[in-house]
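K.L.:
Below are the sequence and a predicted model for it; my questions follow.
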Amino acid sequence: MTDQPTPTTATRNPLIAIMFPSVLIAHFLLNLLTPAHELPLRAEQVMTMTFDFLTLAGLFAFRRAMPAPLFWIALVAGLGLFALRLSDDGWWTGHLVYSLPQR
């Protein structure tokens, strides 16, 4: 018998290791560059914050399977998603800017 290591999820499918940082970076850029036009319901606010947190946790789970610069950029983007929520309007929307369009 040979002792061959069991492949982990990250080594079997490296696409997942690229997906977590890509989603975090894209979500951060979307929230940073586009203004929010309405306040979401409380359930949606909690759901997006949970999604951001779980994606950030998944980033750490696949840290060894992704390039180091990509990990650090995604980590800053993930923390930036929570930093955007430090303002009053940002707490609800997660966006940097909140504005109501003219009617």
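P.N.:
Thanks, I have it.
K.L.:
can you map out the helices along this structure?
P.N.:
In the chain, the segments counted as helices under DSSP state H are 9-12, 14-33, 42-61, 68-83, 88-93.
K.L.:
so what's the residue sitting nearest the centre point of the chain up against?
P.N.:
Nearest to the centroid of the C-alpha atoms of the chain, with distances taken as Cα atoms, centre = their mean, sits residue 24, at 2.9 Å. Residue 24 sits next to 52, 55, 56, 59, 74, 77, 78, 81 when contact means Cβ atoms under 8 Å, 6 or more residues apart in numbering. From N, CA and C alone the C-beta is placed, and that goes for glycine too.
K.L.:
could you redo the last one with a cut-off of 7 Å?
P.N.:
55, 56, 59, 74, 77, 78 (Cβ atoms under 7 Å, 6 or more residues apart in numbering).
K.L.:
before we move on, what about residue 37?
P.N.:
When contacts are counted by Cβ under 7 Å, 6+ apart, residue 37 touches 99, 100, 101.
K.L.:
tell me which helix or strand of the protein sits lowest on mean pLDDT?
P.N.:
helix 9-12 (a mean of 53; mean pLDDT, DSSP states H and E).
K.L.:
what's the closest non-adjacent residue to residue 33?
P.N.:
residue 96 (8.0 Å; Cβ to Cβ, 6 or more residues apart in numbering).
K.L.:
Name the spans of the chain whose pLDDT lies under the cut-off.
P.N.:
1-12 (pLDDT under 70).
K.L.:
What distance do you get for residue 66 to residue 95?
P.N.:
For residue 66, the distance to residue 95 equals 27 Å [Cβ to Cβ, to the nearest Å].
K.L.:
these two touch, right, the residue nearest to residue 33 and residue 84?
P.N.:
Yes - counting by Cβ atoms under 7 Å, residue 84 is a contact partner of residue 96 at 5.7 Å.
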